[in-house]
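>>> Here is the input, now give the coordinates:
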Amino acid sequence: MAKLPEDSQKKDRADGITDVVSRCLVCVKKFGNQKFRIIEKRESERLLHIVCPHCRHAMLVSVGISGGGVLVIGSVTDLSLNDVRFLLARGRITEDELLAGSALINNNSRELIKFLINS
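Okay, the predicted model is just below:
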């Protein structure tokens, strides 16, 4: 997905792709004039970061449009906009990294807990 310049958000609102996201996933109140950030964009898909102005929960929302309709997938998160951008820039976790993390947790869980408590 390519990152978008700020001025391209106006076009997205006009074409209706981001209009489908209007209520908070947690408190269900309308976002109103709350600004949300388009983090990534594909042809007919947007990845949005939204912070509810009412309950302050952050959400990542993927909005896609196909010939058959609109697909919206949302998730409440504790990630800030900068956290999301950092993780996307980092790239995907490799299979080796996943296996090494699993081994660390399974084989050295006491040491890991001590490390986490002391950090």
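>>> Help me confirm that Ser75 is found in a helix?
No: Ser75 is assigned strand when assessed by DSSP: H, G, I helix; E, B strand; the rest coil, not a helix.
>>> From Lys30, how far off is it?
As judged by Cβ to Cβ, to the nearest Å, Ser75 and Lys30 stand 19 Å apart. In short, each C-beta sits where N, CA and C put it, glycine included.
>>> repeat for Asp78
23 Å.
>>> now swap in Leu48 and tell me
For Leu48, the distance to Lys30 - Cβ to Cβ - is 16 Å.
>>> The two: which is more packed in?
Neighbour comparison, Leu48 and Lys30: the larger count goes to Leu48, with 22 against 13 (by other Cβ atoms under 10 Å).
>>> Please tell me I have it right and that one contacts Ser22.
No: using Cβ atoms under 8 Å as the test, Leu48 is too far from Ser22 to be in contact (11.8 Å).
>>> any idea of the pLDDT on Lys6?
Careful, residue 6 is Glu; it's not Lys. Note on Glu6: pLDDT of 48.
>>> What are the boundaries of the helices in the protein?
Taking DSSP state H, the helices of the chain run over residues 8-14, 81-90, 95-107, 109-118.
>>> export these to JSON lines and tack on mean neighbour count and distance to Leu60?
Output for these, formatted as JSON lines (neighbours: other Cβ atoms under 10 Å; distance: least, Cβ to Cβ, whole Å):
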{"stretch": "helix 8-14", "mean neighbour count": "13", "distance to Leu60": "16"}
{"stretch": "helix 81-90", "mean neighbour count": "12", "distance to Leu60": "7"}
{"stretch": "helix 95-107", "mean neighbour count": "10", "distance to Leu60": "21"}
{"stretch": "helix 109-118", "mean neighbour count": "10", "distance to Leu60": "25"}
